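1. Sequence and predicted structure are below.
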Amino acid sequence: DEWDKQAAIEDPRMIKSYGVHPWYAEDWTLENKKRLFDLLSSDPNAHVGEIGLDSKRGQILGQTMVLIQQLDIAEYFGRVVSIHDVGCEKMVLDTLKGRNLKGIILHSYGSDSYVKPYSEMGCYFSISPRLLSRSDIRVKRLMEAIPDDRLLLETDSPACGKEFKGMRDFSERLGSIIGRPSDELLSLAEENLRRLFP
């Protein structure tokens with residue numbers, strides 16, 4: 001299964017994360033909970049994700065219960081979480097408030113509406129090539145809202161699409177829209193990533 005594939009990765013450049021995606025929240029069991037606990041217990045460099053809420057797929061109540069349990073485990077072990085959030089920003093924000101997490105990554109983030117409250121919580125905003133399918137105005141608005149010290153870049157592979165030619169190409173395309181050099185964006189993202197995962 002996916003967790004076995006993660007566990008088998010030996011590339012030191014890869015950051016292992018385990019979690020049940022909201023699309024599969026109905027698959028969450030006590031066995032999965034124990035396994036997540038055991039995986040994190042045995043690997044101090046593993047983190048939790050991709051977890052979260054998705055209003056377009058599945059039942060939110062069940063997803064919320066699964067999210068809370070996985071956040072509890074991440075908090076217990078002091079691990080970073082990668083959050084999937086589609087149309088549930090307020091609920092995710094409320095669920096994260098008051099938690100003592102090592103770090104929060106908002107995976108493939110795309111909404112400027114909640115950047116301020118998420119920033120105040122110290123969240124990182126991970127931008128993927130999927131953002132480029134939106135209008136330049138929306139891309140600029142989002143990128144202007146995200147603090148430089150909270151920006152991450154990601155592939156979102158395999159969902160990055162056939163047009164994806166690599167992170168250099170993505171950062172160049174993004175930079176041309178927002179008027180910033182590609183190297184600057186890549187450097188910022190790398191610096192932020194190193195701070196999050198020292």
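-> Received it, and whenever you're ready, just let me know what you need.

2. Can you give me the distance of the residue of the chain positioned farthest from its centre to Asp169?
-> Distance to the chain centre peaks in the chain at Gly179, reaching 24.8 Å (criterion: C-alpha atoms, centre = their mean). Plainly put, Gly179 is 18 Å away from Asp169 if you go by C-beta to C-beta, to the nearest Å. In short, each C-beta sits where N, CA and C put it, glycine included.

3. With Leu151 instead?
-> 18 Å.

4. tell me which element the closest residue to Val48 other than its chain neighbours falls in.
-> Closest residue to Val48 apart from its sequence neighbours, by C-beta to C-beta, 6 or more residues apart in numbering: Ala74 at 4.0 Å. Ala74 belongs to helix 60-77 when assigned by DSSP states H and E.

5. what is the mean pLDDT for that helix?
-> Mean per-residue pLDDT for helix 60-77: 98.

6. What residues sit buried inside that helix?
-> 60, 63-64, 66-67, 69-71, 73-74, 77 (16 or more other C-beta atoms under 10 Å).

7. any idea which helix or strand comes after that helix?
-> strand 80-86.

8. could you give the angle of that following strand to helix 60-77?
-> 170 degrees (axes from the mean of the first three to the mean of the last three C-alpha atoms, to 10 degrees).

9. Could I get the phi/psi values of the residue nearest in space to the middle of the chain?
-> Central residue of the chain (C-alpha atoms, centre = their mean): His107, 2.7 Å from the mean position. Note on His107: its backbone torsions stand at phi -70, psi 130 [degrees, to the nearest 10].
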